[in-house]
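Enquirer: Sharing a sequence plus its predicted fold:
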Amino acid sequence: MAGATFQRFDQDVETQMRNVYQTLSEKDKRRFAAIQARQLGHGGMGYIAEVLGCSTRTIRRGMDELDTLPDDPTDGRVRRPGAGRKKSDARLGRGIQS
């Protein structure tokens, strides 16, 4: 990684980071990745995205969320309101079709 001002983690640490990342909710994944990237500084976002298999956009959203703490408007939620799969309306016979 040209221009990076940090030392890469060893393979064991990268594996542990991936294992922890996979156990987290979507919101916690974004925030975990953002904290790791901020710790590394310049070039950290791309490196963490590569290690965790997420996008830099995800990390950027996590950074934005960290900046709003502790006044988190989505406290207690995993997704923002309206996000995720829509509920089916089984009463009217309009469910998800396979």
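Expert: Received the coordinates, thanks. In this text the structure is predicted, and so the values were computed from the model without any measurement. Residues are numbered from 1 along each chain as shown.

Enquirer: What are the neighbouring residues in contact with Leu40?
Expert: 6, 47-48 (Cβ atoms under 8 Å, 6 or more residues apart in numbering). Where C-beta positions appear, they are placed from N, C-alpha and C, glycine not excepted.

Enquirer: any idea which of those residues is closest to Asn19?
Expert: Ile48 (14.8 Å; Cβ to Cβ).

Enquirer: how close does the closest residue to the closest one other than its chain neighbours get to Asp71?
Expert: Distance criterion Cβ to Cβ, 6 or more residues apart in numbering; nearest residue to Ile48, sequence neighbours excluded, is Ala37 at 4.4 Å. Distance, Ala37 to Asp71, using Cβ to Cβ, to the nearest Å: 22 Å.

Enquirer: May I see the buried residues of the helix ranked longest in the chain?
Expert: Identified as the longest helix of the chain according to DSSP state H is helix 26-40. Residues of helix 26-40 classed as buried: 27, 29-34, 36-37, 40 (neighbour count, 16 or more other Cβ atoms under 10 Å).

Enquirer: Is it possible to get a markdown table of the residues you listed that adds distance to Glu14?
Expert: Shown next, in a markdown table, are those (distance: Cβ to Cβ, whole Å):
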| residue | distance to Glu14 |
| --- | --- |
| Lys27 | 22 |
| Lys29 | 16 |
| Arg30 | 19 |
| Arg31 | 19 |
| Phe32 | 14 |
| Ala33 | 13 |
| Ala34 | 17 |
| Gln36 | 11 |
| Ala37 | 14 |
| Leu40 | 13 |
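
Enquirer: wait, Thr58 sits on Arg30?
Expert: Yes. Counting by Cβ atoms under 8 Å, Arg30 is a contact partner of Thr58 at 5.5 Å.
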